[in-house]
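Q: the sequence and its predicted three-dimensional model are supplied below.
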Amino acid sequence: MSNTFYAPGEQRAAKVNDLFARIARRYDFLNDLQSFGLHRSWKRRVVKLASVRPGDRALDLCCGTGDISFALAQSGAETTGLDFSAEMLEVAGIRSRRTETGGPSKNPQFMQGDAQQIPFPDASFNIVTVGYGLRNLTSWQRGVDEMFRVARPGARLIVLDFGKPANPLWRAIYFAHLKMSVPIIGLLFCGNASAYAYILESLKHYPAQLAVADKMRELKLANVRVINLLGGAMAINYGEKPV
């Protein structure tokens, strides 16, 4: 493969884990830098779509350093953030300790685990989210199946990830940016160009928002929507488990 951190099949998990172990400490800073801070508004939109209600339990898969997990918890959901990377969870834990107030708002609970084998029983959560993680799984389809399994009837399932723009010209410009500019950011601020060149490599092998929507419809989710951001360069997939 053309990228150090991308491998197909069974080697995928180990490669991705190595990637996030290397960039965990700079992850939040680099996300702000490469998206001009826009990722924060996209994550807020995910939380708004989650429509947190009193008593809701939320599961944030591939939670990373916890942006979506913290926001769900602050909205009132009893929230668990799950991630495969111990290093990313370490950063999330540091953030959690810094934000402890003793007030009415609860911080999320974080745990290590595999989004393709979620360690919770069927129908456990009212909200299941994944931000910038589905694309990194060995099988994104298995990831969506697991989201569906642990969702309660009426639960909201929400996926935020890189997308593939439908417009050919914008898609070419966008992919050129991912190929040329983003690795330079990784080299300058993380000391490793391959770490962020991985984004394009993984996106090449990920069918993106339209395929995720098809999978949601296959599972008979209701109100399936694709919300394109930046002309489809990013996207949110939304669906509700039937009551």
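A: Structure's in. What do you need?
Q: longest helix in this structure, please.
A: Among the elements of type helix in the chain, defined by DSSP state H, the one spanning the most residues is helix 168-190.
Q: packing partners of that helix?
A: If you count contacts as 3 or more CB pairs under 8 Å, 6 or more residues apart in numbering; DSSP states H and E, helix 168-190 packs onto helix 12-23, helix 27-35, helix 193-204. (C-beta placed from N, C-alpha, C; glycine too.)
Q: what about that helix, distance to the chain center?
A: Here the centre of mass of C-alpha atoms in helix 168-190, compared against the chain's by CA atoms, centre = their mean, to the nearest Å, lies 20 Å away.
Q: comparing the helices and strands packed on helix 168-190 by mean pLDDT, which bottoms out?
A: Set side by side, the helices and strands packed on helix 168-190 show their lowest mean pLDDT on helix 12-23, which sits at a mean of 68.
Q: strands of the protein, residue ranges please.
A: In the chain, the segments counted as strands under DSSP state E are 57-61, 78-83, 109-112, 125-131, 151-162, 222-229, 234-240.
Q: just grab the bridge partners of the most centrally placed residue in the chain for me.
A: The C-alpha lying nearest the average C-alpha coordinate of the chain belongs to Gly131 (CA atoms, centre = their mean; 1.8 Å). When assigned by DSSP bridges, Gly131 has beta-bridge partners Leu160.
Q: please name the nearest non-neighbouring residue to Phe162.
A: Once flanking residues are discounted, Phe162 sits nearest to Leu203: 5.2 Å by CB to CB, 6 or more residues apart in numbering.
Q: hmm, that neighbour is touching Tyr132, no?
A: No - because the distance of 11.1 Å does not satisfy CB atoms under 8 Å, Leu203 is recorded as not touching Tyr132.
Q: and for these two, which residues touch both?
A: Taking CB atoms under 8 Å, 6 or more residues apart in numbering as the contact criterion, the residues that touch both Leu203 and Tyr132 are Phe162.
Q: so which of the strands of the chain is nearest Phe70?
A: Each of the strands of the chain was scored for nearness to Phe70 using CB to CB, and the closest is strand 78-83 (8.1 Å).
Q: angle of the closest one against strand 125-131?
A: Between the axis of strand 78-83 and that of strand 125-131 there is an angle of 40 degrees, by axes from the mean of the first three to the mean of the last three CA atoms, to 10 degrees.
Q: from the chain's centroid, how far away is strand 78-83?
A: For strand 78-83, the distance to the chain centre is 12 Å (CA atoms, centre = their mean).
Q: ok, residues contacting it?
A: Looking at strand 78-83 with CB under 8 Å, 6+ apart, the contacting residues turn out to be 55-64, 66, 68-69, 72-73, 89, 92, 106, 108-113, 115, 118-119, 133.
Q: distance between stretch 160-167 and the chain's centre?
A: The answer for stretch 160-167 is 14 Å, by CA atoms, centre = their mean.
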